[in-house]
Every structure is written in C-alpha cells, then in structure tokens.
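K.L.:
Here is a sequence together with a model predicted from it:
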There are 2 protein chains.
Amino acid sequence: MKIVVDAMGGDHAPANIVAGVVDAVKELPVTITLVGISDRVNAELARYSYPKDRIEVVHASEVVDMDDNPLDVIRRKKDCSITVGVNMLKNGGYDAFVSAGNTGALVAASTFYLRMIEGVDRPGIGLVIPQVNGAAFLIDVGANAEPKPEHLYQYGLMARAYMQIVMGRENPSVGLVNIGEEEGKGSGFDKQSYDLLKEKVPGFLGNIEPNKIFANKADCIVCTGFVGNVIIKLSEGLMESAGSVLKREIKKNPLAMVGALLMMGALKALKKHGDYSEYGGAPLLGVNGIVMKCHGRSSPKAITNAIRATMREVDHNILDKIKASLK
Amino acid sequence: MKIVVDAMGGDHAPANIVAGVVDAVKELPVTITLVGISDRVNAELARYSYPKDRIEVVHASEVVDMDDNPLDVIRRKKDCSITVGVNMLKNGGYDAFVSAGNTGALVAASTFYLRMIEGVDRPGIGLVIPQVNGAAFLIDVGANAEPKPEHLYQYGLMARAYMQIVMGRENPSVGLVNIGEEEGKGSGFDKQSYDLLKEKVPGFLGNIEPNKIFANKADCIVCTGFVGNVIIKLSEGLMESAGSVLKREIKKNPLAMVGALLMMGALKALKKHGDYSEYGGAPLLGVNGIVMKCHGRSSPKAITNAIRATMREVDHNILDKIKASLK
C-alpha cells in the first residue's frame, strides 16, 4: 500500500509528521511518500533509522499557512504540499492522501482536483467519536460550514456506508443534531434537513439533542460543519478545562492527592476514551479519492494512528463501496 | 420585592417549582405569586409550612406542554401560566417573571406582550457559564435559533451591560464564537457579525474558537441561539458521559475506588463548578421586563437560586440600566 503524506501540514510540521511516519513504516505494511520542502523533511528523517525503501520524499516548494484562504491556495500556491499531494493521488499509483494542514485548503484542493463522486454535492469531514459504550460517526466536522439540506442527507448516506464498511456496524442508525428532539423543531433549514433524511436515509431515527451526542443514541450523527466543529472543539476544550479545575481542587487537599494517584489508571482510561488522537484521523468523504484529515495539533502517535486508519479504509475499498452505496 | 413564578413549567412541575419557591420565601426577602392550576399548586403548597403571607396563588387554567408550538400558545392558550404570568408583569405591581417552561413559548409571549426595548430587535437568553477561573456570560443560548448579524451585536451590548451591572465586571470584553480565530473566518453571516461587533461593541476581542469557551478568553461570549444551545447541552451531556465512563473505570479496580473516596471532595467541587443550577436561571434579555428562564429539569434548589438571581437583577435595576446603555 502506498500513501502520500503532507509533511508540512499542522502546528508541529514537519517534525511530528516525520516522526509519525517513521513509526508507521516500522509498525505497518505501508510505503509512504512525504511531500514538502525536501531539505527540511530530509533533515528530520536523518534523525531516525528506518527501512529506507519504505519512505520517499517528493519536493514541493510552497507551504500552506493555517490562515491562508483556501481559494488563494488553489489559485496561487500550485506547488504547495497539499496541491502536489492531492494531484499525486489523482494521477494514480497511490492509495490515499493524509494531511494535518489547513482544513479549508485540503477540502478545496481535494474537491477541485479529485472532483466529487456521483450522488454527492459537497464533501464532508467525518470523525469517529467516543460514546459511553463504543463509538459513533459524526459528520460534518468542518468541511462545509453552511451546507444545504441536501448535503446533510448525503452525509447521512456516506456515514452509514462508512460505519458498515469500516466499522462493521450492521444497519447503522442515523440522527440529526437539533436543539429539540421532536420532529418540526428548529429553523426552516433544520426541518428541511429532517424531511430529506427521513425520506432518503435508511435507519434515520430523528433529531438528537446535543446532550445526547455521546450517549449511544445513534451510530451516525449528522450536522452542519459549523456545528460539528463546535462539537469537537468544545468537547476538547471542556475536558481540558475540567482537568485544570480538578487538578486545582486536588492540590488543595493532600488526601485527594493520594486519591488521584490511586485513581490514576481510571483517569487515564477516561482521557484515552475521549482522545480523538487514539483514532487519529478524520476522513474527507465525498471526493473521488481517499483523503484523511488529521488534527493540526497532531502528535507523532496521532499521525501513525491516522495512517493506520487510512490503511483500514484502503483495505476495505471504502471509496468504491461508498460509490456503490449511493447508487 | 414581588416575583411571579410559573408553577406549571418544567419537567417536574408543580412539585419542584413549589418546593423551590417555599425555600426562597424562607431564605430571601421576597413575595412570590405562583401562577398555575390552583388545585394542583395548593396541593403541593399544603405539604410545607412557610409564611403564608409571602406566597399567593393565581389560577391559570391551561398548561403549556414542552412540545407546544410557541405561536399556537399565543393564539390559543390565552389562559396558560406563561401568558398569564407575563401579562401580570406587564400590567405592573410585580418586579419579574420566572419560568422553567417551554422556552419558545416564554420567548414568544414575552416578546408579544412585553415588547422589545429600544435598540434591540430580538430577545436573547443569556447564561452565566463557568470558566477555569470565574465566570463568563454566554448569549444567545436558545431564544433565536437563526439570528441576523444585527441581533448578535445587540446581544454583545446587552451582555456587556449585564456583566457590568449584575456581576460588577469593569469594561467587559466580548468575543464571537467562530470555527476559526482569525478575522474573516467562517460564512458570510460570521463575517458580517464580526464586522458589526467590531464597529459597535466596545471591548470586542474578535473570534473565540469553541475549545476556548471555558478558558477565560472573554467576559461575554456571543453566538446564535442554535450554537449557544449546542454549547450548553453538549457540555452538560459530555460531563455526564465522562462521569459514567469514570465510574465504570473506577469500579474495575478496588484501589481506584478508595482513590475516588479520597478525591470525592475535589470531584464534587468540579461538579459544582460546572453546574448551571448553582446559578439557577438564564435571563431573557431585550424584552421590556425582567424575565428569567430556568432549565426544564430544574431541581428545587435551582428554582431557589433562580429567584435569588432574579432578585439580584431587580436590585440592580437591570432593565433601566440596559435600556440606558443602549442609547
């Protein structure tokens, strides 16, 4: 299997990307092509020993910044790692593209160069999120901030296919994020989305209120990219803030400090349970290629896990199967 | 001080409402008028001893269900506790109205009967939310799911006034919830809202990403009612789910159970820190009257605390001061 990885994407690139890729080729049956400023990538690679025939470097002279406008990237940064990587995937010989770079630019380049699959109008980024028991698939978490209702039912169909194919879930259920549970709640957009999901998506259960998003209500959870992005970032921030408050409270009392030590395993298990980097990546669904988006703050481990998740998608032939499921 | 309380609103009405009101008149210098089906309210009141001259009951023959359409309530349920209560406030002799009932109906009745104050086009529900240190004011959490950009800057102005007047915060800062921090992020709506807030709201800091909402970034945090509702419900659900997972992990290991006992104080402090019922109510701002919305699941303690928070608003003459601040 041959995967192209954006060496320049994310807050800690190329260091964390290269470190994660080195671990990936040691652990997994994969060959990686790193795309980026070759001097910098090679300098990082020189720090590790690894099977040399399993990592190659392709030079791309430009770097996309986190605040670059996506359309400007398409128009002007034609030799950036995202554009070069997406085009390598398009031109064949590679199975997937993985990037922790600028989300908007990755979505725009993937849409522009790879094009959409039949039956899908706009791409969506999905994410496997923890539930009290097991996991669910949340889509969209940030590709499409202002979707139309039609985009949401298409997300529902792709999410179902993903959960069936990659996670082996039988007949997955689908819910729509809304601020009330009853049919007819919310704005015109929410009602139209509800009606379309009800009409077109098997296993549609209705609305899911935000307090039930982690409560095993549905296998697939559909929302706008704005709301999905709020859900994942808020969850991340809330757990961090709660952790800070808990640490402060523990420090007030020596017995609580002993208690925290005794509970460390359980606290670590909770942290691991909610840690998206355990899964590693968020598939960009709807474009005609397997593209995986990683968190900008990805650790080396998150990059390795994203490559593992990407390999699972390739192994399951996810692209052809999603295409077939939409017919 | 005389406060009207909706006896029939919320999941546990009238029991929890009456219990909270009884505690309020015992603890606070307030007289309460309970509005609702008088037989049921009096039956609850009969369970308690309290200063009889401090609670009166006004009969309202109809009850608003949680899934009633707000406009239908205005048109058809003219003798429901929300409509009767709001009109008592409008007609004078009372200082405020408190309800844990149907949010949409409360917003619609308050807007329709009380009308808006000058300079505000649509009401917003604010909520004091915990920060790692202290508190911030989040608005809107569910009055106005699809606001216009103008509504958001008006929320910003009212939030500043609230934090100054009620919480004594000097020169409060204001942030806009957006999926990216940089100016120019998001949809057309987000950009227009940003521009208006920048132009019209003193102390505007720019966008706040959802992972920073509890991180003491701003004194006032502005968003659409849909997003605000997602923020508060998701936070509630996430802490509950994390609690379930932690309990399960603790039960796997006897030492962790001992640890949890030793840490109980710190865990309880964390829970209390994040518990909205500690504050008790969410002011409906922008209408020409002091209206407080309580959580549908309010405990008696949450009702008592909401009455306490409402009294603070009345004491601070919040309505006149917000009006003045908008001139």
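P.N.:
Sure thing, it's come through.
K.L.:
Report the spatially nearest residue to A:Lys251, omitting neighbours in sequence.
P.N.:
Nearest residue to A:Lys251, sequence neighbours excluded (CB to CB, 6 or more residues apart in numbering or on different chains): A:Met257, at 7.0 Å. For glycine as for every other residue, the C-beta is placed from the backbone atoms N, C-alpha and C.
K.L.:
mind checking the backbone torsions on the most centrally placed residue in chain A?
P.N.:
Note on chain A: the residue nearest the mean C-alpha position is A:Ala282, at 1.2 Å, using CA atoms, centre = their mean. Phi and psi for A:Ala282, reported as degrees, to the nearest 10, are phi -130, psi 110.
K.L.:
right, and it touches A:Ile125 too?
P.N.:
Yes: between A:Ala282 and A:Ile125 there is a contact at 4.9 Å, judged by CB atoms under 8 Å.
K.L.:
intersection of neighbour lists for those two?
P.N.:
Taking CB atoms under 8 Å, 6 or more residues apart in numbering or on different chains as the criterion, A:Ala282 and A:Ile125 both touch A:141, A:293.
K.L.:
so where do the helices sit in chain A?
P.N.:
Under the criterion DSSP state H, helices of chain A are mapped to A:15-27, A:38-45, A:70-76, A:81-91, A:103-109, A:149-165, A:188-200, A:225-251, A:254-262, A:264-273, A:300-315, A:318-325.
K.L.:
Arrange those in TSV, one row each, with distance to B:Arg47 as further columns.
P.N.:
Output for the helices of chain A, formatted as TSV (distance: least, CB to CB, whole Å):
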stretch	distance to B:Arg47
helix A:15-27	62
helix A:38-45	72
helix A:70-76	63
helix A:81-91	67
helix A:103-109	57
helix A:149-165	49
helix A:188-200	41
helix A:225-251	37
helix A:254-262	39
helix A:264-273	41
helix A:300-315	56
helix A:318-325	59
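K.L.:
what about the stretch 201-327 of chain A, any weak spots by pLDDT?
P.N.:
A:274-279 (pLDDT under 70).
K.L.:
Mind doing that once more with 90?
P.N.:
A:236-281, A:296-297, A:325-327 (pLDDT under 90).
K.L.:
so the residue nearest to A:Lys251 sits right up against A:Lys247, yeah?
P.N.:
No: A:Met257 is beyond contact range of A:Lys247, at 10.0 Å (criterion: CB under 8 Å).
K.L.:
What distance do you get for the residue nearest to A:Asn16 when sequence neighbours are not counted to A:Glu44?
P.N.:
Nearest non-adjacent residue to A:Asn16, counting by CB to CB, 6+ apart: A:Pro300, 5.1 Å away. According to CB to CB, to the nearest Å, A:Pro300 and A:Glu44 sit 11 Å apart.
K.L.:
Next: A:Asn144.
P.N.:
Applying CB to CB to A:Asn144 and A:Glu44 gives a distance of 33 Å.
K.L.:
So which of the two has more stuff around it?
P.N.:
A:Asn144 (24 against 21; other CB atoms under 10 Å in any protein chain shown).
K.L.:
For the stretch 1-150 of chain A, which residues score under the pLDDT cut-off?
P.N.:
Where the stretch 1-150 of chain A drops to pLDDT under 90, the residues are A:66-69, A:130-134, A:145-146.
K.L.:
Alongside chain B, which residues does it contribute?
P.N.:
Applying CB under 8 Å from any CB of the partner chain, one finds that the stretch 1-150 of chain A approaches chain B through A:67, A:69, A:131-132, A:142, A:145-146.
K.L.:
which two in these are spaced the farthest apart?
P.N.:
The distance between the two most remote of those (CB to CB) is 39.8 Å, for A:Asn69 and A:Val132.
K.L.:
chain center to stretch A:317-327: distance?
P.N.:
19 Å (CA atoms, centre = their mean, to the nearest Å).
K.L.:
and A:Arg54, what does it touch?
P.N.:
A:25, A:30-32.
K.L.:
out of those residues, which are buried?
P.N.:
Buried by 16 or more other CB atoms under 10 Å in any protein chain shown: A:25, A:30-32, out of the contacts of A:Arg54.
K.L.:
Among those, which ones are in strands?
P.N.:
Applying DSSP state E to those, the entries found in strands are A:31-32.
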